[in-house]
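Chemist: What follows is a predicted structure for the sequence shown.
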Amino acid sequence: MRLFVMVGAPGAGKGTQAAILARALGVPHVASGELFRAAIRGETPLGRQVQEFMGRGALVPDELAIRLILHRLAEPDAADGAILDGFPRTRPQAAALDAALARRGAKVTGALYVGVREQELLRRLSGRWLCRAEGHSYHAVDHPPVRPGVCDIDGSELYQRDDDRPATVRARLERQLPPMYEVVDHYTERGILTAVDGEQSIEQVTEVLLRAMTQPAR
Ligand code: ADP
Ligand code: AMP
């Protein structure tokens, strides 16, 4: 089983890279934020529970995030692994993932930390466009779609997230960065974290990540 975890601030490029890496490895791209947004769109009970947290840039309670992801990882297409994007975001989530994998005789193969400074995160999020179907990520300047407003990959419509507005972005960074650093510590302590400079081009970041994924952790 090859299960990689992408760690990074909102806007660091986790989703962009996870989509590329998942295709390269032939495993699903599992993005917790996308799963929550789908639950909100579908007006499910989970969607109603998480909407308010997401709207104000807070993390949703660990229990809900853990349940969602473990349920997703139990689906057949994830039997050989996955690229996790946006989970775990807290230490208890990381511990719950370890425990669930241990029950399957498995463990996290590697954690990939994509580092980007705050000013660049703000710039990226203010220009981000996502596709409605799968959440493929574009940027108005750095990574525009071939046809304006249309996803290159699946042809669906592109939209801007409500929580990418500057005020909510600041709240997300303030609330979400401290627990993210604890997740970095969690995987550093286990010797499976690789940190990459996320302020390179998309292609360069992919190259470094693919190299890290095929080498033993430092
Ligand atoms: P995350 O999933 O970590 O929140 P995304 O993958 O959605 O971040 O990327 C945030 C924004 O930055 C998107 O608009 C994306 O197109 C853009 N982006 C991603 N990686 C890079 C990069 N290496 N250089 C410039 N822009 C990038
Ligand atoms: P993302 O698309 O990864 O930026 O996530 C969007 C929002 O969903 C976050 O700001 C959180 O409110 C929520 N969320 C996503 N993943 C998690 C998680 N693992 N734990 C808690 N909240 C999450």
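Modeler: Perfect, thanks for sending it. Ligands and ions are numbered 1, 2, ... in the order given.

Chemist: Which residue, other than its chain neighbours, is closest to Gln160?
Modeler: Trp129 (6.0 Å; Cβ to Cβ, 6 or more residues apart in numbering). (C-beta placed from N, C-alpha, C; glycine too.)

Chemist: try Arg37
Modeler: Gly135 (7.3 Å).

Chemist: Secondary structure of Met6: a strand, I assume?
Modeler: Yes - according to DSSP: H, G, I helix; E, B strand; the rest coil, Met6 belongs to a strand.

Chemist: Pull the contacting residues for it.
Modeler: Going by Cβ atoms under 8 Å, 6 or more residues apart in numbering, Met6 touches Lys14, Gln17, Ala18, Ile83, Leu84, Asp85, Gly86, Leu112, Val114.

Chemist: any idea how far the second one is from Ala106?
Modeler: Summarising the geometry, the distance separating Gln17 from Ala106, computed by Cβ to Cβ, to the nearest Å, is 22 Å.

Chemist: So between these two, which is more surrounded?
Modeler: Neighbours per residue (other Cβ atoms under 10 Å) separate Gln17 from Ala106, with Gln17 holding more: 26 against 15.

Chemist: Now do the contacts for the spatially most central residue of the chain.
Modeler: Nearest to the geometric centre of the chain sits Asp85, at 2.4 Å (Cα atoms, centre = their mean). Taking Cβ under 8 Å, 6+ apart, we find Asp85 in contact with Met6, Lys14, Gly15, Ala18, His29, Val30, Ala31, Ser32, Gly33.

Chemist: Determine the three-state secondary structure at the residue nearest to Arg37.
Modeler: Gly135 ends up coil, using three-state DSSP.

Chemist: from what I can see it touches Glu34, true?
Modeler: Yes - between Gly135 and Glu34 a contact is recorded at 4.2 Å, counting by Cβ atoms under 8 Å.

Chemist: more neighbours, the two?
Modeler: Gly135 (21 against 17).

Chemist: Flag every residue of this protein that's near ligand 1.
Modeler: Within the chain, the residues that sit near ligand 1 (Cβ under 6 Å from any ligand atom) are 8, 10-16, 124, 127-128, 137-139, 142-143, 201-202, 205.

Chemist: re earlier: quick one, which of the contacts of Asp85 are buried?
Modeler: Listed as buried from the contacts of Asp85 are Met6, Lys14, Gly15, Ala18, His29, Val30, Ala31, Ser32, Gly33; burial here means 16 or more other Cβ atoms under 10 Å.

Chemist: quick one: pLDDT of the residue located most distally from the centre of the chain?
Modeler: The centre of the chain is farthest from one residue, Arg147, which by Cα atoms, centre = their mean lies 25.2 Å away. Per-residue pLDDT puts Arg147 at 97.

Chemist: Use 275 as the first number for this chain going forward.
Modeler: Sure thing, new numbering starts at 275, so read that last one as Arg421.

Chemist: What are the boundaries of the strands in this structure?
Modeler: Using DSSP state E, the strands of the chain run over 276-281, 303-305, 355-359, 384-389, 402-405, 411-413, 432-433, 467-471.

Chemist: Is it possible to get TSV of these that adds mean pLDDT?
Modeler: Output for the strands of the chain, formatted as TSV (pLDDT from 0 to 100):
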stretch	mean pLDDT
strand 276-281	98
strand 303-305	98
strand 355-359	98
strand 384-389	98
strand 402-405	96
strand 411-413	96
strand 432-433	96
strand 467-471	97
